[in-house]
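Participant: coords please:
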Amino acid sequence: MKKILIGLVAAIVIATVGFFGFEFYVQRRVAGEVEAAFDQIRATGSKASHGKVSFDLSSRTITVADITGETAAQPPASVRIASFTASGVNQPDATRFSADSIEATDIELGVSMAAQPGLSVSYKAPRITVKDYSGPAGLRRPPASSSLIDVYRFAIEQFAAITASSVAAPSLAGTIKFGAAMPGGGDVAYSGLTMQGIKDGKIASVKVDGFAFTVNTQQAGKADKLTGNLANVASYDIDLNAAAAMFDPQKANDDRYYRAYRQISAGPYTITSGQGLNMRIDSLTIDDVGLRPSRIQLPALMAMIPAAGTVPTPAQARDMIEKAAGIYEGIRIGNAEMRGLSMETPQGPFKVSAMRFGLENGKIGEFALEGLDTRAPKGPVKVGRFALKSLDIANLLRMSALFSNPAQRPSPDQALQLLPLLEGVELKGVVAPYKDSNKPVNIDTLSLNWGQFVGPIPSLAHLTARLTGPIDATDAGLQPLVAAGMDTLALNCDLGAVWTEASRTFVLDPVTLELGSLLKASARVSLANVPRGIFSLNPQQAATMGAQIEAGTMELSLRDMGGVDLAIAQYARAQNVSRDAARRTIVDNLRASKEKTAEASPDTVALVEALTRFIDNPGQTLIIKLTPLGKVPALQLIQVLKTDPLIALAQFRIEASTGL
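Facilitator: This is a model prediction of the structure:
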């Protein structure tokens with residue numbers, strides 16, 4: 001029995017010594033591998049050091065204390081980590097390392113900016129936790145140099161090689177120093193930072209519960225404090241491979257869009273300033289963000305930035321503008337939307353219900369602003385909707401070079417080149433003060449679109465307008481309306497024009513105009529044999545081509561809704577006679593002219609008779625159709641109309657009628 005007990009004790013001692021001996025061996029090996037990893041960092045020219053390395057075999061936990069590092073790039077970036085602990089570690093093969101959980105505590109990160117001396121940013125995080133981590137057992141190939149571009153490329157490549165189910169940092173605080181160029185600084189704080197689903201350079205989601213900042217500045221001897229809070233920040237389906245393509249010279253000709261984000265959302269967002277600014281945005285969303293490597297090659301963009309303190313030459317400035325325009329062509333945004341913007345300013349409140357736009361190929365398909373509510377010096381201003389359609393931001397930026405030199409103003413031809421950069425404007429629900437009157441101008445709809453450009457000149461246009469405004473009693477031209485007891489006037493119009501190259505026709509259609517309770521008119525006017533050369537910036541060429549244009553069929557419909565009575569009343573006041581007498585005088589004059597017009601053209605008799613019925617019977621609709629009897633040169637017709645309208649009308653078959 002004694003021998004058995006002694007043997008058992010001996011076995012326990014041997015096993016215990018063996019266990020601790022093996023654990024010591026493993027710990028030495030782990031420490032060696034950690035040191036080897038730090039050697040890889042130091043081999044790039046950066047500084048890296050660590051404190052004690054320990055390993056617990058039973059829980060497979062590695063702990064590394066007092067980690068410090070500093071990049072070789074100037075100015076350098078530095079990092080400090082008080083403790084790094086990886087639990088449940090495993091090495092499935094010589095190239096991979098995994099851990100059930102990784103926790104780093106008391107992290108400090110500092111970065112200085114070369115672009116502005118003294119500008120620096122530092123961050124502190126009490127704790128960062130990573131779950132289900134798997135990544136390379138050592139660093140991938142070191143960056144080619146210590147340049148910012150190579151460091152970014154290296155970081156993206158490293159990130160693409162790891163996977164993790166989540167990364168969490170309960171809080172992160174930062175301090176910003178602006179440097180000598182702008183005295184002051186600020187603080188930033190993040191709370192509830194989480195990342196989910198990291199794999200193959202992609203992140204399923206990144207969320208931040210809250211972001212707050214405080215910025216203290218001093219300009220022109222006046223101190224200001226700006227504070228802001230942004231809540232519920234979230235990004236989904238993030239792909240860093242899209243960013244990596246911008247660093248890859250092999251993709252310099254790749255014209256595809258790589259989606260970087262499926263969606264980014266945030267809000268509410270508030271900003272307050274000691275100067276009296278208070279702003280709030282209820283929500284922000286950005287959908288479908290893509291990057292185009294052929295337009296955004298970051299190494300080339302960074303290389304064109306001039307050194308601090310140097311003034312770029314005109315050629316360098318043009319190249320910078322071209323590259324900046326390319327950036328707009330290299331970013332796609334399916335839809336960006338802001339909702340619930342409100343500001344309190346010293347000039348008064350300012351509110352916008354929504355603002356949205358999309359961007360692709362350097363063009364904003366539509367920029368829309370809705371629910372504007374503010375105040376002008378004369379009174380409140382409201383805009384239901386304002387929109388710009390097909391705004392070419394990239395080419396607008398390129399053309400800005402023409403306007404940048406105040407000593408050399410652009411020619412009218414160059415200014416006209418701006419027209420194709422925008423294809424439409426829309427206004428709805430506008431209420432604005434009119435002079436000092438108590439009645440506002442109301443624009444129900446104002447829409448102007450143009451397109452089908454021949455050079456810089458559109459061959460298609462469409463205008464729609466519906467508005468109501470007060471009648472200015474001080475305007476002599478509006479006195480007849482004032483005398484009739486009218487104090488407001490409504491205007492509805494719909495005007496369209498299109499040139500068709502195949503048939504060489506130009507048509508004004510629709511042409512409708514409704515003027516309050518006075519009249520409603522509609523027309524259709526066509527021109528034939530309209531050559532492409534008419535759309536020329538050369539006046540001489542346009543005039544030469546204009547001689548080929550021929551008049552086409554013209555139709556007019558005019559409905560009286562009170563305008564005839566108003567005109568007769570005005571005539572009666574001018575002649576100091578009664579309205580009935582004024583009407584009889586006008587009708588008699590028309591009947592007397594019938595014989596004279598018949599000599600010039602028999603068809604004009606029908607026209608005069610229709611005009612007579614139209615004036616003698618209020619509320620009628622006058623319909624006139626003019627059909628050319630042959631080829632009628634349009635320019636000659638215009639000249640004849642100025643000198644002898646009857647001869648001009650004789651070149652058309654005239655059909656005229658009236659009806660209710």
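Participant: before we move on, which element is I238 in?
Facilitator: strand 222-239 (DSSP states H and E).
Participant: strand partners of that strand, parallel vs antiparallel please.
Facilitator: With DSSP bridges as the test, strand 222-239 is paired with strand 202-219 (antiparallel), strand 258-266 (antiparallel), strand 269-273 (antiparallel).
Participant: Between those strands, which one is closest to L489.
Facilitator: Nearest to L489, of all these, is strand 269-273, at 43.5 Å by Cβ to Cβ. The way it works is simple: take the backbone N, C-alpha and C, and place the C-beta from them, glycine included.
Participant: Buried residues of the next helix or strand along the chain from the closest one, list them for me.
Facilitator: Going down the chain from strand 269-273, the next helix or strand is strand 278-291, by DSSP H and E. Neighbour counts using 16 or more other Cβ atoms under 10 Å place 279-281, 284-291 of strand 278-291 among the buried residues.
Participant: Output the below-cut-off pLDDT ranges for the stretch 301-450 of the chain.
Facilitator: 304-309, 404-408 (pLDDT under 70).
Participant: all strands for the stretch 351-500 of the chain, in order.
Facilitator: 363-376, 379-392, 424-433, 440-454, 457-470, 488-500 (DSSP state E, counting those that start in this stretch).
Participant: of the ones you listed, which approaches G477 most closely?
Facilitator: strand 488-500 (12.0 Å).
Participant: List the residues that contact D239.
Facilitator: 201-202, 258-261 (Cβ atoms under 8 Å, 6 or more residues apart in numbering).
Participant: I'd like the average pLDDT over the helix or strand in which I62 is found.
Facilitator: Per DSSP H and E: I62 is located in strand 61-70. Per-residue pLDDT values across strand 61-70 average out to 88.
Participant: which of the residues in it are buried?
Facilitator: 61-64, 67, 69-70.
Participant: And those residues, which is closest to P645?
Facilitator: E70 (89.9 Å).
Participant: returning to what we had before: could you dump the strands paired with strand 222-239 to TSV with mean neighbour count?
Facilitator: Shown next, in TSV, are the strands paired with strand 222-239 (neighbours: other Cβ atoms under 10 Å):
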stretch	mean neighbour count
strand 202-219	16
strand 258-266	18
strand 269-273	17
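Participant: can you put those in JSON lines and add distance to E555 and mean pLDDT?
Facilitator: Formatted as JSON lines, the strands paired with strand 222-239 follow (distance: least, Cβ to Cβ, whole Å; pLDDT from 0 to 100):
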{"stretch": "strand 202-219", "distance to E555": "62", "mean pLDDT": "90"}
{"stretch": "strand 258-266", "distance to E555": "53", "mean pLDDT": "96"}
{"stretch": "strand 269-273", "distance to E555": "56", "mean pLDDT": "92"}
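Participant: could you dump those strands to a markdown table with distance to S353?
Facilitator: Output for the strands paired with strand 222-239, formatted as a markdown table (distance: least, Cβ to Cβ, whole Å):
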| stretch | distance to S353 |
| --- | --- |
| strand 202-219 | 24 |
| strand 258-266 | 18 |
| strand 269-273 | 16 |
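Participant: L460 is nearest to which of these?
Facilitator: Of all the strands paired with strand 222-239, strand 258-266 comes closest under Cβ to Cβ, at 34.4 Å.
Participant: what angle do that closest one and strand 278-291 make?
Facilitator: Calculated by axes from the mean of the first three to the mean of the last three Cα atoms, to 10 degrees, strand 258-266 forms an angle of 160 degrees with strand 278-291.
Participant: Give me the contact list for strand 258-266.
Facilitator: Outside strand 258-266, the residues touching it (Cβ under 8 Å, 6+ apart) are 230-243, 245, 283-293.
Participant: Could you pull up the residues touching the residue nearest to P420 when sequence neighbours are not counted?
Facilitator: Closest residue to P420 apart from its sequence neighbours, by Cβ to Cβ, 6 or more residues apart in numbering: F453 at 5.0 Å. Shown in contact with F453 (Cβ under 8 Å, 6+ apart): 419-420, 459.
Participant: mind showing which ranges of this structure have poor pLDDT?
Facilitator: Ranges of the chain meeting pLDDT under 70: 1-31, 113-118, 138-149, 179-183, 219-221, 304-309, 404-408, 600.
Participant: Show me how far stretch 587-604 is from its chain's centre.
Facilitator: Remark: stretch 587-604 is offset 61 Å from the chain centroid, using Cα atoms, centre = their mean, to the nearest Å.
Participant: Quickly find the element holding the closest residue to A547 other than its chain neighbours.
Facilitator: In space, and not counting its chain neighbours, A547 is closest to L635: 6.0 Å by Cβ to Cβ, 6+ apart. Applying DSSP H and E as the criterion places L635 in helix 634-643.
Participant: That helix - contacts with which helices or strands?
Facilitator: On a contact count with 3 or more Cβ pairs under 8 Å, 6 or more residues apart in numbering; DSSP states H and E, helix 634-643 meets strand 550-560, helix 645-649.
Participant: Deepest-packed of these, please.
Facilitator: Compared across the helices and strands packed on helix 634-643, strand 550-560 shows the largest average neighbour count, a mean of 18 (mean count of other Cβ atoms under 10 Å).
Participant: Tell me which other helices or strands that strand touches.
Facilitator: strand 519-528, strand 621-628, helix 634-643.
Participant: In its sheet, which strands sit next to the shortest one, and in what direction?
Facilitator: Pairing partners of strand 621-628, with direction, according to DSSP bridges: strand 550-560 (antiparallel), strand 652-659 (antiparallel).
Participant: any idea how far that strand is from the chain center?
Facilitator: 47 Å.
Participant: That strand: which residues count as buried?
Facilitator: Buried-residue list, strand 621-628, by 16+ other Cβ under 10 Å: 622-626, 628.
Participant: Centroid-nearest residue for this structure?
Facilitator: What sits nearest the mean C-alpha location of the chain, by Cα atoms, centre = their mean, is F357, with 4.7 Å.
Participant: does the closest residue in space to that one that isn't next to it in sequence have beta-bridge partners, and which?
Facilitator: In space, and not counting its chain neighbours, F357 is closest to F367: 4.4 Å by Cβ to Cβ, 6+ apart. Beta-bridge pairing for F367 (DSSP bridges): L388.
Participant: Go through the strands paired with strand 222-239 and name the closest to P510.
Facilitator: strand 258-266 (41.9 Å).
Participant: I figured the residue nearest to A547 was touching M545, is that so?
Facilitator: No: if you go by Cβ atoms under 8 Å, L635 and M545 don't touch, sitting 10.7 Å apart.
Participant: The two: who's more crowded?
Facilitator: M545 (17 against 14; other Cβ atoms under 10 Å).
Participant: Can you give me the distance of the more buried one to L391?
Facilitator: 31 Å (Cβ to Cβ, to the nearest Å).
Participant: tally of neighbours for K389?
Facilitator: Around K389 there are 20 residues (other Cβ under 10 Å).
Participant: Same question for the one 10 residues further on.
Facilitator: The tally of other residues near M399 (other Cβ under 10 Å) stands at 19.
Participant: Buried ones in the helix holding L635, by neighbour count?
Facilitator: Those would be 634, 637, 640, for helix 634-643 by 16+ other Cβ under 10 Å.
Participant: Redo these as JSON lines? Include distance to S657.
Facilitator: Converted to JSON lines, those look like this (distance: Cβ to Cβ, whole Å):
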{"residue": "A634", "distance to S657": "26"}
{"residue": "L637", "distance to S657": "24"}
{"residue": "V640", "distance to S657": "25"}
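Participant: E329: which of those residues is nearest?
Facilitator: Closest to E329, out of all of those and judged by Cβ to Cβ, is A634, at 42.1 Å.
Participant: separation between P314 and R398?
Facilitator: In terms of Cβ to Cβ, P314 sits 15 Å off from R398.
Participant: got a list of what S459 touches?
Facilitator: With Cβ under 8 Å, 6+ apart, S459 has these contacts: 452-453, 498-499, 501, 535.
Participant: ok, P314 - how many residues close by?
Facilitator: 10.
Participant: give the contact list for it.
Facilitator: P314 neighbours (Cβ under 8 Å, 6+ apart): none.
Participant: how far away is it from A401?
Facilitator: 9 Å.
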